[in-house]
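Asks: I'll drop the sequence and a predicted model, then ask my questions.
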Amino acid sequence: MNRNKFILGSLTLAVATLVAGTAFAQLTVKAKGPQKVALSDAIRANQISWLSDAPVEKIKGTAPNVKGNFVMDPANMKAMTGLITVPVKGMKTGNPIRDHHLAGKSWLDARKFPNITFKITKIAAARVSGKKANVKAVGVFTCHGVSKTITVPVEISWKEAGAKTKRVAGDWVKIKTAFAIKLADYKVAGKAGNIGREVGDTIQINATLYGHTVR
């Protein structure tokens, strides 16, 4: 009898855990099924900022003209996929001469490798509360012609269509992330002696992006 109770209790716990896990990744919104989400500057400017912190100089830069498309299912945020594209040529450092160097052959080589991309291939974990989700996005980050699989934290906020979202049709989606990359991992060498002294060997990246659902 005790053995049967133990088995029944274990099955109940397993089912409860499975159900909780499914609900855990579900946003509380009206949208049903997979939703296509496109980034749009019509909501707010999509821009990525980055920081190079080296002993000689701290460089704060931006990367405008971001493009991106995602597929998100509010009922299963673990199914999220997407692609973000950042043109190298438009990146700014606050100094036009330095901007030219950044896009040059010694650094990011915009002519040969015009874009930096991040392709989200899967979600390793998702924690959802109401209309917000925090996920661990696994994807391929490509820079300077080199691709590496990385995992980054992503915060997603969903705003349903209404009086405050009339500028762009559909529901609004806000995406935030922050992570770091090492230039050596992407074979960015720069000029001899610069990295580690004038340019940080690790670059901090922050992004706040805005998109909307499209049919």
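Replies: Arrived safely. Numbering: from 1, shown residues only.

Asks: can I assume residue 141 is in contact with residue 181?
Replies: Yes: contact criterion Cβ atoms under 8 Å: residue 141 and residue 181 qualify, at 6.8 Å. Yep, even glycine has a C-beta here, placed from its N, CA and C like the rest.

Asks: Now the common contact residues for these two.
Replies: residue 150 (Cβ atoms under 8 Å, 6 or more residues apart in numbering).

Asks: Quick one: the strands in the chain, in order.
Replies: Counting by DSSP state E, the chain has strands at residues 35-39, 47-53, 58-63, 67-73, 76-87, 115-129, 132-143, 146-159, 172-182, 202-214.

Asks: strands paired with the longest one, and their directions?
Replies: Right, strand 115-129. Paired neighbours of strand 115-129 in the sheet (DSSP bridges): strand 76-87 (antiparallel), strand 132-143 (antiparallel).

Asks: tilt between that strand and strand 172-182?
Replies: Relative orientation of strand 115-129 versus strand 172-182 (axes from the mean of the first three to the mean of the last three Cα atoms, to 10 degrees): 120 degrees.

Asks: likewise the fourth one?
Replies: Orientation of strand 67-73 against strand 172-182 (the same axes, to 10 degrees) gives an angle of 110 degrees.

Asks: so where's the protein shaky on pLDDT?
Replies: Scanning the chain with the threshold set as pLDDT under 70 gives 1-24.

Asks: got a list of what residue 165 touches?
Replies: Taking Cβ under 8 Å, 6+ apart, we find residue 165 in contact with 159, 171-172, 212.
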